[in-house]
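# Sequence plus the predicted model coming up.
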Amino acid sequence: MSLRIYNVLTQQKETFAPIQPPQVNFYLCGVTVYGRSHIGHLRCFLSFDAILRYFRYRDYDVRFVRNFTDIDDKIIARAAEISAGPEGAWRQDEAYANYDDAMWSERLDEDALIRERAAGQDRHLAEVVADYFIDVFHNEDFQPFDLVAPMSEPRVSQYIPQIIALIEKIMANGFAYESAGDVYFDVPTYHAKTQSYGRLSGRDVAQMLEGARVAPSDKKRSGPDFVLWKQARPGEPSWPSPWGDGRPGWHIECSAMSVEELGQPFDIHGGGKDLIFPHHENEIAQSEAAAQMPYCHTWMHNGFITVDGVKMSKSLGNFITIAEGLKMAPPEVWRYIVLSTHYANPIDFSRTREVQGAQGTEVVRGSIDIAFDRLEYFYESLQKAAQQLAEAAVDGSDAAGQAPVDDARVDAIKAQFCAAMDDDFNTARAVATIGEGMKVLNEFCDMKAKAAAKLPGGASARLSTVAKIADILREVLGVLGLPAGDPTAVLEGLRDFSVAQRGLDRAWIEAQIDARLAARDARDWARSDEIRDALLAAGVALRDGPKGTAWKVLRG
RNA sequence: GGCGCCGUCGCCAAGUGGUAAGGCAGAGGUCUGCAAAACCUUUAUCACCAGUUCGAAUCUGGUCGGCGCCUCCA
């Protein structure tokens, strides 16, 4: 089976062929560090995380680079706002129209922390802002998610010499011009020579030129031209260059960092759909104009998270930060939600849509509850298998050496998982495959002794089959980045989360269960049911098993 | 206005030419002192219209509805 990937550049699925197998050079656009990340960023990184893990699983040598954009207008703007302080006029800005008290409080606390950190440092406040949010990215927002670590995480501020060299090269090739301290990429000239501008985003340069109106005061020669180097304005961070003090334009940094880290051309470039134009289109133009060779073979773009069908954005105030998201659900639940949809499709959280028959319930919660249930199902199944295997080893009827039952469904698990992932990383199908596998696992776990005795190989073949299925399932879960270790630990984690969320007390729950067990021993069914109903009312469901009583917190 | 995407069972979501994966919810059953666990069975012709084809949810044209990018954006 070969791996097929939808390439945005060619608008079709292509069989993936690395430039230098088994190496896969992969560049993912990271974040601009001017604020907290939201679940849209999370979606992007979790989607690509599963993709990277699958490459590794297929024995590719993945060289993964994810950058930080730490020089940018928004960072500078944020620094200016922090300097102006809480009383500044910036608070009347339209962008903050949707801020409520909680958001303001959080925002101003953050500003205070940054101001504190900046004190005594002889650096531009914008640099401190960037540093601060890089720390938050690593140590808070994404720390709980167990993302595959990049080989490197280049920052624009550390690549100024390479950026300047790249711009010089583009100018030397005649595709950029200086204009009053700025340097612009010359789109019409470039396109006239290469016919390649607009290939990624499906844009037509002639039309762009027609529609463009270049104001006389504009430093640009034509509308589609974009800035490679911006002249410094007073009070902004800047670096010396052949064109005077200034800073890089928005797109050039990714061109410089990706090629510096991965070489040109490299295999795959990823990012959000909103980056296709102009960011990625311009990256291609710059890099190819400089090196006169292809920039990147395959372009992959993830879909958005939308709320009520509309893209989350700061200006609409409809975004959910990762910090908020983690109050709603633990990391593996978010990962499950992300994996349940193909990476290129949108994930919609509508607040108004009907959910499970209950009008007005938020789908955010509905999605979380379903993901919770499925994860519990997965890990309860694995836990059951692990317990059976552990007990068998203890009582000496170990199945070691016994061949697992030859069941086509068992072999199908991994094959179907790989087929799904091979088909443009279809994690939704891959997750469905895992669900099917869990079904087969449960079937063998719950098999009656009489039925097990009839298996080819006898009763001990049942256990060896359980072991085999569980191994396969843990393996494929790990490929998606879902927990592959001790299932009990996962379940405890999920339960602790729910207990805390419901404001319950573990000790009380356990005491109730003990009391009920005593009643059951006395065959006092009425008392037993009374306790069970009381727990149920509190949101705790019980499940009696041969080894005692298990409990779980109900969702919703 | 330009470019592009989407519309699949009550809800979520796969499926890009061969006759609709999976999950949730619903119904029935096995098991169980009871139990919302587990397992089994069961529930759609794919927004609409017209074409291409032996055959289309899948291709073409059109209609309606939703969205994205074109300014910063994962």
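Alright, I've got the coordinates.
# show me what contacts the residue in the stretch 1-150 of chain A positioned nearest to RNA strand B?
Using CB to the nearest atom of the strand, the single residue of the stretch 1-150 of chain A nearest to RNA strand B is A:Gly40, 2.4 Å away. (Glycine included, C-beta is placed from N, CA and C.) If you count contacts by CB atoms under 8 Å, 6 or more residues apart in numbering, A:Gly40 has them with A:Gly272, A:Phe304, A:Ile305, A:Lys311, A:Met312, A:Phe319.
# now it, what's its secondary structure?
Secondary structure, DSSP: H, G, I helix; E, B strand; the rest coil: A:Gly40 is helix.
# what's the answer for A:Gln402, then?
Three-state assignment for A:Gln402 (three-state DSSP): coil.
# Now do it against RNA strand B, distance only.
For A:Gln402, the distance to RNA strand B (CB to the nearest atom of the strand, to the nearest Å) stands at 22 Å.
# so how many other residues sit close to that residue?
If you count neighbours by other CB atoms under 10 Å, A:Gln402 ends up with 17.
# Please apply the same query to A:His138.
A:His138 has 12 neighbours, counted by other CB under 10 Å.
# Retrieve the pLDDT associated with it.
A:His138 carries a pLDDT value of 97.
# ditto for A:Ala399
Note on A:Ala399: pLDDT of 55.
# Equivalent analysis for the one 3 residues further on, please.
pLDDT, the model's per-residue confidence, is 76 for A:Gln402.
# and the contacts of A:Gly40 as a markdown table, adding pLDDT, neighbour count and distance to A:Pro237?
What follows is the contacts of A:Gly40, written out as a markdown table (pLDDT from 0 to 100; neighbours: other CB atoms under 10 Å; distance: CB to CB, whole Å):
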| residue | pLDDT | neighbour count | distance to A:Pro237 |
| --- | --- | --- | --- |
| A:Gly272 | 94 | 19 | 26 |
| A:Phe304 | 91 | 19 | 31 |
| A:Ile305 | 91 | 23 | 32 |
| A:Lys311 | 85 | 17 | 30 |
| A:Met312 | 84 | 19 | 29 |
| A:Phe319 | 82 | 21 | 27 |
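# out of those residues, who's nearest A:Asn139?
A:Asn139 has its nearest neighbour among the contacts of A:Gly40 in A:Phe319, at 20.8 Å by CB to CB.
# mind listing what that closest one touches?
Counting by CB under 8 Å, 6+ apart, A:Phe319 makes contact with A:His38, A:Ile39, A:Gly40, A:Val307, A:Met312, A:Ser313.
# Send me stretch A:220-239 as PDB with only the CA atoms.
Provided in PDB are the C-alpha atoms of stretch A:220-239 (Å, rounded to 0.1, in the frame of the first residue of the first chain):
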ATOM      1  CA  LYS A 220       4.400  49.600  -4.100                       C
ATOM      2  CA  ARG A 221       4.500  49.500  -7.900                       C
ATOM      3  CA  SER A 222       1.500  47.300  -8.200                       C
ATOM      4  CA  GLY A 223      -1.200  45.900  -6.000                       C
ATOM      5  CA  PRO A 224      -0.200  42.300  -5.700                       C
ATOM      6  CA  ASP A 225       3.400  43.200  -4.700                       C
ATOM      7  CA  PHE A 226       4.200  42.500  -1.100                       C
ATOM      8  CA  VAL A 227       6.800  43.700   1.300                       C
ATOM      9  CA  LEU A 228      10.000  41.700   2.000                       C
ATOM     10  CA  TRP A 229      11.600  44.300   4.200                       C
ATOM     11  CA  LYS A 230       9.900  47.000   6.100                       C
ATOM     12  CA  GLN A 231      11.600  50.200   7.100                       C
ATOM     13  CA  ALA A 232      11.700  50.800  10.800                       C
ATOM     14  CA  ARG A 233       9.300  53.300  12.300                       C
ATOM     15  CA  PRO A 234      10.200  55.100  15.500                       C
ATOM     16  CA  GLY A 235      10.000  52.900  18.600                       C
ATOM     17  CA  GLU A 236       9.800  49.600  16.700                       C
ATOM     18  CA  PRO A 237      12.300  46.800  17.000                       C
ATOM     19  CA  SER A 238      14.700  46.900  14.000                       C
ATOM     20  CA  TRP A 239      17.800  45.400  12.500                       C
END
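# Show me what counts as buried in that stretch.
Buried residues in stretch A:220-239, counted by 16 or more other CB atoms under 10 Å: A:220, A:222-232, A:236-239.
# bridging residues for the residue in the stretch 201-350 of chain A positioned nearest to RNA strand B?
The nearest approach of the stretch 201-350 of chain A to RNA strand B comes at A:Gly272, 1.9 Å away (CB to the nearest atom of the strand). Counting by DSSP bridges, A:Gly272 is bridged to A:Asn302.
# returning to what we had before: most widely separated two among the contacts of A:Phe319?
The span of those, defined through CB to CB, is set by A:Ile39 and A:Ser313 at 12.5 Å.
# Distance of the residue of the stretch 201-350 of chain A closest to RNA strand B relative to A:Ala323?
Separation of A:Gly272 from A:Ala323 (CB to CB, to the nearest Å) stands at 20 Å.
# show me the contacts for A:Ser201.
For A:Ser201, the contact set (CB under 8 Å, 6+ apart) comprises A:Ile276, A:Phe277, A:Pro278, A:His280, A:Glu281.
# Quick check: phi and psi on it?
Note on A:Ser201: backbone dihedrals following degrees, to the nearest 10 are phi -100, psi 0.
# Quick check: chain neighbours aside, which residue is closest to it?
In this structure, A:Ser201 finds its nearest non-sequential neighbour in A:Phe277, 3.7 Å apart by CB to CB, 6 or more residues apart in numbering.
# re the thing from before, return the closest of the contacts of A:Phe319 with respect to A:Ala119.
Looking across the contacts of A:Phe319 and measuring by CB to CB, the closest to A:Ala119 is A:His38, at 28.8 Å.
# quick one: A:Ala453 from RNA strand B, how far?
A:Ala453 is 17 Å from RNA strand B, by CB to the nearest atom of the strand.
# ok, that residue - contacts?
With contact set as CB under 8 Å, 6+ apart, A:Ala453 has these partners: A:Ala459.
# Could you report the pLDDT at it?
Per-residue pLDDT puts A:Ala453 at 84.
# try A:Arg36
pLDDT recorded at A:Arg36 is 93.
# do A:Ala358 as well
On pLDDT, A:Ala358 comes in at 33.
# same question, A:Ala212
Per-residue pLDDT puts A:Ala212 at 57.
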